[in-house]
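[1] What follows is a predicted protein model with its sequence.
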Amino acid sequence: QKEVEQDPGPLSVPEGAIVSLNCTYSNSAFQYFMWYRQYSRKGPELLMYTYSSGNKEDGRFTAQVDKSSKYISLFIRDSQPSDSATYLCAMSGTSGTYKYIFGTGTRLKVLA
Amino acid sequence: KAGVTQTPRYLIKTRGQQVTLSCSPISGHRSVSWYQQTPGQGLQFLFEYFSETQRNKGNFPGRFSGRQFSNSRSEMNVSTLELGDSALYLCASSLERASSGNTIYFGEGSWLTVV
């Protein structure tokens, strides 16, 4: 079993829809949770960063962490064609775990 | 502020050759990590360098190596290239060690094709 599981998609939605992207994980030591967006043939760019459990909102994006369920989500409101990309979740532990573990990414296509 | 810079962006090599990829981190960042990204395996951690020392290593064969210079710039080398080494190689930098709240920022990557 992988430490981080992410549905690869592809996920196709109409413009304006609310998108929900999810990752599950098995390592309870993870404390830091990130979402990266990667456009085709580009490097990943940091979208959201959350520490421990709770919600964080930034514009149309909301990141949610449920440590009791080992489940994290990224919500995109009013999705736009420019949101079409691969979304990667990543997580990291505290001292002694000096590397990020990434999900395999979910490919999202927002249809105009 | 300039981002993470990787060179070259694209390269084609023949099986058996070796390749060196270069990474210049964000100014002031001291940690550089390298990742391999392939369609089947996703992002896989290669190694991390901090203060010119390799601090962590992923599950890759010894053909994959790297180093970091005193100015935090880093290079990675792959010797005796195999077809399966074809991938996007990503460099990421962070202020301190890549964990405990220190976010990592990626470069655009180096696309390596082995023929």
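    Now that the structure is in, tell me what you want to look at. Numbering: from 1, shown residues only, chains lettered A, B, ... in the order given.

[2] gap between B:Lys11 and A:Lys2?
    Actually, residue B:11 is Leu rather than Lys. Noted for B:Leu11: a distance of 30 Å to A:Lys2, by C-beta to C-beta, to the nearest Å. Where you see a C-beta, it was placed from the backbone N, CA and C, and this is true even at glycine.

[3] Of the two, give the one with the bigger neighbour count.
    The residue with more neighbours, out of B:Leu11 and A:Lys2, is B:Leu11; 15 against 12, by other C-beta atoms under 10 Å in any protein chain shown.

[4] That one contacts B:Val115, doesn't it?
    No. Assessed by C-beta atoms under 8 Å, B:Leu11 is found out of contact with B:Val115, at 11.1 Å.

[5] pull the helix or strand with minimum mean pLDDT from chain B.
    Across the helices and strands of chain B, mean confidence by mean pLDDT, DSSP states H and E is lowest for strand B:53-57: a mean of 90.

[6] counting contacts, what elements does the helix or strand that comes right after that strand pack onto?
    Following strand B:53-57 in sequence order, the next helix or strand is strand B:64-68 (DSSP states H and E). Helices and strands touching strand B:64-68, by 3 or more C-beta pairs under 8 Å, 6 or more residues apart in numbering or on different chains; DSSP states H and E, are strand B:42-50, strand B:53-57, strand B:74-78.

[7] Can you tell me which of those is nearest to B:Ser110?
    Closest of those to B:Ser110 is strand B:74-78, at 9.0 Å (criterion: C-beta to C-beta).

[8] just how off-centre is the following helix or strand past the closest one within its chain?
    Next in sequence after strand B:74-78, counting helices and strands by DSSP H and E, comes strand B:87-94. A distance of 5 Å separates the centroid of the chain from that of strand B:87-94, by C-alpha atoms, centre = their mean, to the nearest Å.

[9] which secondary structure elements does strand B:87-94 contact?
    Strand B:87-94 packs on strand B:5-7, strand B:19-24, strand B:31-38, strand B:74-78, strand B:105-106, strand B:110-114, going by 3+ C-beta pairs under 8 Å, 6+ apart.
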